[in-house]
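Asks: Sequence first, predicted coordinates after that:
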Amino acid sequence: MKGIGTVMAKASYEVNTLALKVGPIHERLLRHFNDMHEARAAGDTQTIEELEVLVPRLLDEFESTECRNSPNPGWLAGKMRGGWNLARGDLNSALQAELTGFRYADEEPSAADGDDTQKNRRKSVSASNVADQLWRMGRAAEGLPYAQLSVELWPSNSINYLVLGITAYHAGFKEQANQIFSNLRQAANFKDDQDAIAKCMEFEGELLDMTDLPAVRDLLEDMGVK
């Protein structure tokens, strides 16, 4: 179980919800994003400075190589730039990058066979990320339509409901948020190290600011927070 110090230390977590197999540079970048989240939470200035030098160069290399071979390079580039800027705490740049990714996903042509599942999932991921940036910037009401769209496009993705619940809470819809977190509590398996929704919840320190919701209090108890 996680202690309260761990939950408070990590405000976010980079998860490859689409299980993308892009290449080794992509995998390294995702690890570095989480390294930056942890370094900022711990006040590790040396690691922060090292990553600030390393990651931008790696992103440039990624965009000129592996990214070009993905189904929608513009979407993936925007998503990755957004993830990096969120990790380093630059919310405005993160939002602009995610909006760029969302636009590329929205403008993506439909599949020849009529199956737009992957297109919709890419758009869903971007919509959820945009909502995440907006509520963090104090603009939850603007983010709520994006959070709702992400769920509509990919209703089986629990991560989308996590972002929707947090966004709804900060937009003033606390009853609806409580129900969402109650459902998520049933879905999460905190004993499974590979459970994505459990991982995300453990990295969402913002839950500690939402303890007026009974479902959030129950979740924190499940996570070992007393």
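Replies: That came through, no problem.
Asks: what's around Trp154, how many residues?
Replies: Close neighbours of Trp154, defined as other Cβ atoms under 10 Å, add up to 22. Just so you know, the C-beta spots here come from the backbone N, C-alpha and C atoms, and that holds for glycine as well.
Asks: List the residues that contact it.
Replies: Asn120, Arg121, Ser124, Val125, Asn160 (Cβ atoms under 8 Å, 6 or more residues apart in numbering).
Asks: Most neighbours of all those residues, which one?
Replies: Val125 (27 neighbours).
Asks: buried stuff in the one helix or strand it maps to?
Replies: Applying DSSP states H and E as the criterion places Val125 in helix 117-136. Across helix 117-136, burial judged by 16 or more other Cβ atoms under 10 Å covers 119-136.
Asks: Strands of the chain, residue ranges please.
Replies: In the chain, no segments count as strands under DSSP state E.
Asks: Mind jotting down where the helices sit in it?
Replies: 4-9, 24-42, 45-64, 73-87, 91-106, 117-136, 140-153, 158-170, 174-187, 196-202, 214-222 (DSSP state H).
Asks: Output those as a markdown table; include the columns mean pLDDT and distance to Leu208.
Replies: Listed next are the helices of the chain as a markdown table, based on pLDDT from 0 to 100; distance: least, Cβ to Cβ, whole Å:
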| stretch | mean pLDDT | distance to Leu208 |
| --- | --- | --- |
| helix 4-9 | 30 | 6 |
| helix 24-42 | 93 | 13 |
| helix 45-64 | 98 | 23 |
| helix 73-87 | 96 | 19 |
| helix 91-106 | 97 | 20 |
| helix 117-136 | 95 | 15 |
| helix 140-153 | 97 | 17 |
| helix 158-170 | 92 | 12 |
| helix 174-187 | 91 | 13 |
| helix 196-202 | 66 | 12 |
| helix 214-222 | 88 | 7 |
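Asks: Reformat the contacts of Trp154 as JSON lines; add distance to Lys174.
Replies: As requested, those are exported to JSON lines (distance: Cβ to Cβ, whole Å):
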{"residue": "Asn120", "distance to Lys174": "29"}
{"residue": "Arg121", "distance to Lys174": "29"}
{"residue": "Ser124", "distance to Lys174": "24"}
{"residue": "Val125", "distance to Lys174": "26"}
{"residue": "Asn160", "distance to Lys174": "19"}
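Asks: Tell me the pLDDT of Asp115.
Replies: The model reports Asp115 with a pLDDT of 92.
Asks: all numbers from here: first residue = 469
Replies: Done: numbering now begins at 469, and the last item shifts to Asp583.
Asks: Can you give me the distance of it to Arg508?
Replies: As judged by Cβ to Cβ, to the nearest Å, Asp583 and Arg508 stand 40 Å apart.
Asks: For stretch 642-655, buried residues please.
Replies: For stretch 642-655, burial by neighbour count (16+ other Cβ under 10 Å) applies to Ala645, Asn646, Ile648, Phe649, Ser650, Leu652, Arg653.
Asks: can you check stretch 521-539 too?
Replies: Val523, Leu526, Leu527, Phe530, Glu531, Glu534, Cys535, Ser538.
Asks: nearest to Arg549, of those residues?
Replies: Nearest to Arg549 among those: Leu527, at 6.7 Å, using Cβ to Cβ.
Asks: Looking at Asp583 and Arg508, which is more packed in?
Replies: Arg508 (20 against 10).
Asks: surely the more buried one meets Arg556?
Replies: Yes - using Cβ atoms under 8 Å as the test, Arg508 is close enough to Arg556 to be in contact (7.4 Å).
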